[in-house]
Structure formats: C-alpha cells, structure tokens
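**Student:** Predicted model and sequence follow; I will ask about them next.
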Amino acid sequence: MPKKNTRKTPSDFEHGNGIKSAVDVAIFNKHGQILLGKRLSKAGFGSWGFPGGHIMLNESIHSAAKRELCEELGKDAIIKISKKILAVRENVIPPYFTHHITVILAGSYLKGKIIINESEKCEQWKWFDLDKLPHPLFSGISDALDNFKNKSSLIISDWYEKK
C-alpha cells in the first residue's frame with residue numbers, strides 16, 4: 001500500500017510548520033565593531049546573535065530587515081542596510097526544530113540611540129571587536145563574520161552529510 005502524502009502545501013502551513021524565512025543584519029560601527037544581542041528567546045537562549053527576525057508574507061528581505069531593526073533596536077537607531085549578503089544560514093534550532101532559511105545582510109550604524117526594545121527576547125546589545133567575540137555565538141554568526149573579513153559570502157548549513 002502506498003504511503004499517504006503528508007507534505008503540506010504553502011497554502012496550508014500552520015505556525016511552526018514548514019520552512020520559515022528570516023533576515024538578520026550584521027551591523028558594524030565606524031570602529032569595525034559588530035553589534036550583538038544576548039538572546040533570551042528559547043531558540044538559542046544565552047547565545048549572542050544579530051538583530052533580525054522572520055520575513056512576513058509579501059514582505060521583501062530589505063523591508064523585513066528595516067522593520068526588524070526598528071522593532072529590536074528602537075526607532076532612533078539609524079542603520080544603513082547594504083544589499084550585500086554575508087551568508088545564507090540554514091538551520092534547525094531546538095526546542096522548536098523549525099527549518100529556517102535566513103539571509104544575513106551587512107549594515108552600518110550611522111547614529112542614534114540603540115535600546116532594548118524587546119526585553120523578552122534580548123537581554124542586552126553590545127559592540128564587540130571582531131577578534132574579541134563573546135561565547136556562545138548563535139548559529140552561523142562566526143561563519144558570517146568570517147565572510148565579512150574575507151569579503152565573501154557563503155551558504156551556511158547544518159543539513160550537510162557528515163562523513
């Protein structure tokens with residue numbers, strides 16, 4: 001007897017099922033430091049990561065990045081978002097194990113006050129020198145920053161076959 005097709009179509013995805021798309025922004029200041037936030041979300045709790053989040057239906061990557069930066073850092077922080085892709089991260093993070101594809105863009109901090117606008121998701125925002133990064137880093141952060149240093153981009157995936 002053939003197996004029943006249980007694959008969901010895009011029109012019947014429920015929250016938490018299927019592939020989620022997201023955007024993160026690696027923000028650099030004029031001193032070459034990177035802005036990282038200490039995560040309080042269940043996924044990646046206690047690790048340091050870039051600001052960003054899920055892309056909404058019919059929202060462009062760039063528009064989602066602008067919205068997420070405003071939501072997370074406050075409306076006074078002025079960030080220039082580049083069209084440069086540092087990395088594309090594919091991962092599944094416990095405890096939800098939802099498949100994510102995240103585009104990581106580069107950004108430049110221009111001015112304005114950075115605040116903790118979502119205190120339930122982020123404990124603090126802090127600038128770090130690229131040779132003095134905190135631990136642990138969220139999934140793919142180290143690889144994305146290596147891409148920045150090497151002026152390249154790379155697809156980062158937890159889905160490769162280990163030999």
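**Tutor:** Sure thing, it's come through. Numbering: from 1, shown residues only.

**Student:** got the residue ranges for the helices in the chain?
**Tutor:** In the chain, the helices defined using DSSP state H lie at 61-73, 141-150.

**Student:** Residue 99: what's its closest spatial neighbour, skipping adjacent residues?
**Tutor:** Of all residues not flanking residue 99 in the chain, residue 19 sits nearest, at 4.8 Å (C-beta to C-beta, 6 or more residues apart in numbering). All C-beta spots, glycine's among them, are computed from the backbone N, C-alpha and C.

**Student:** Distance of the nearest residue to residue 138 once chain neighbours are set aside relative to residue 18?
**Tutor:** Spatial nearest neighbour of residue 138, excluding adjacent residues (C-beta to C-beta, 6+ apart): residue 49 at 3.3 Å. Remark: distance between residue 49 and residue 18 (C-beta to C-beta, to the nearest Å) = 22 Å.

**Student:** these two touch, right, the residue nearest to residue 138 and residue 145?
**Tutor:** No: in this structure, residue 49 is not within contact of residue 145 by C-beta atoms under 8 Å, at 11.4 Å.

**Student:** Look up how far residue 55 lies from the residue nearest to residue 99.
**Tutor:** As judged by C-beta to C-beta, residue 19 and residue 55 stand 11 Å apart.

**Student:** When the two are compared, which one has more neighbours?
**Tutor:** The neighbour count for residue 19 versus residue 55, taken as other C-beta atoms under 10 Å, is higher for residue 55 (21 against 11).

**Student:** Run a quick check on residue 116 versus residue 124, I expect a contact.
**Tutor:** Yes: the criterion here is C-beta under 8 Å, and residue 116 meets it with residue 124 at 6.5 Å.

**Student:** out of the two, which sits in the busier spot?
**Tutor:** residue 116 (17 against 11).

**Student:** separation between the nearest residue to that one once chain neighbours are set aside and residue 84?
**Tutor:** What sits nearest to residue 116 in space, not counting adjacent residues and going by C-beta to C-beta, 6+ apart, is residue 122, at 5.6 Å. Distance, residue 122 to residue 84, using C-beta to C-beta: 24 Å.
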